[in-house]
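Trainee: Fold the following for me, if possible:
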Amino acid sequence: MVVPFTDQYQSHLLQLQNLVPSVMPLKGTDLPYAFKLVEEEMKPFKAPGTVWLITDDLEQRDINTLDDFVKGTPHSISVTTLATPEGATVPGAGVASKLNTATIKELAGNTRIRPTVFT
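Mentor: Have a look, this model is predicted:
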């Protein structure tokens, strides 16, 4: 999802309301591939931008991907996690989602990656 750099938050809300798994080009999670695409899309922009990552969990390899991205570009990342440490079943998906709090704490050590946990 690409939204304009704006303080008009309603435009972001409209985009989020229409974001469903069925519109994704590939099924599953491949954060390294996603950030490779993000880097290509943002390459023309010389000014620093922010990537907004919305996820239910991050693994150690994901932390490495995010670290590599901010080290290799002028951009930062805002990470919003939508899970709890206790976990819960995702409605209609038949899978459980559980937040790894250790990875979130590790992210907090990087000034160009800003984690926010919504539960």
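
Trainee: packing partners for the helix or strand hosting residue 79?
Mentor: Assigned by DSSP states H and E, residue 79 belongs to strand 76-82. Under the contact criterion of 3 or more C-beta pairs under 8 Å, 6 or more residues apart in numbering; DSSP states H and E, strand 76-82 touches strand 50-55, helix 60-72, helix 101-107, strand 113-118. For glycine as for every other residue, the C-beta is placed from the backbone atoms N, C-alpha and C.

Trainee: The same query, at a cut-off of 7 Å, please.
Mentor: Counting contacts by 3 or more C-beta pairs under 7 Å, 6 or more residues apart in numbering; DSSP states H and E, strand 76-82 packs against strand 50-55, helix 60-72, strand 113-118.

Trainee: As CSV, could you dump the C-alpha coordinates of the longest one?
Mentor: Once non-C-alpha atoms are left out, helix 60-72 reads as follows in CSV (Å, rounded to 0.1, in the frame of the first residue of the first chain):
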residue,chain,number,x,y,z
GLN,A,60,14.8,-12.4,14.4
ARG,A,61,15.3,-12.5,10.7
ASP,A,62,12.7,-9.7,10.3
ILE,A,63,14.7,-7.6,12.8
ASN,A,64,17.8,-8.1,10.6
THR,A,65,15.8,-7.1,7.5
LEU,A,66,14.6,-3.9,9.1
ASP,A,67,18.0,-3.0,10.5
ASP,A,68,19.6,-3.6,7.0
PHE,A,69,16.9,-1.4,5.4
VAL,A,70,17.5,1.6,7.7
LYS,A,71,21.3,1.3,7.4
GLY,A,72,21.2,1.2,3.6
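
Trainee: That one: how far from the chain's middle?
Mentor: On the basis of C-alpha atoms, centre = their mean, to the nearest Å, helix 60-72 sits 12 Å off its chain's mean C-alpha point.
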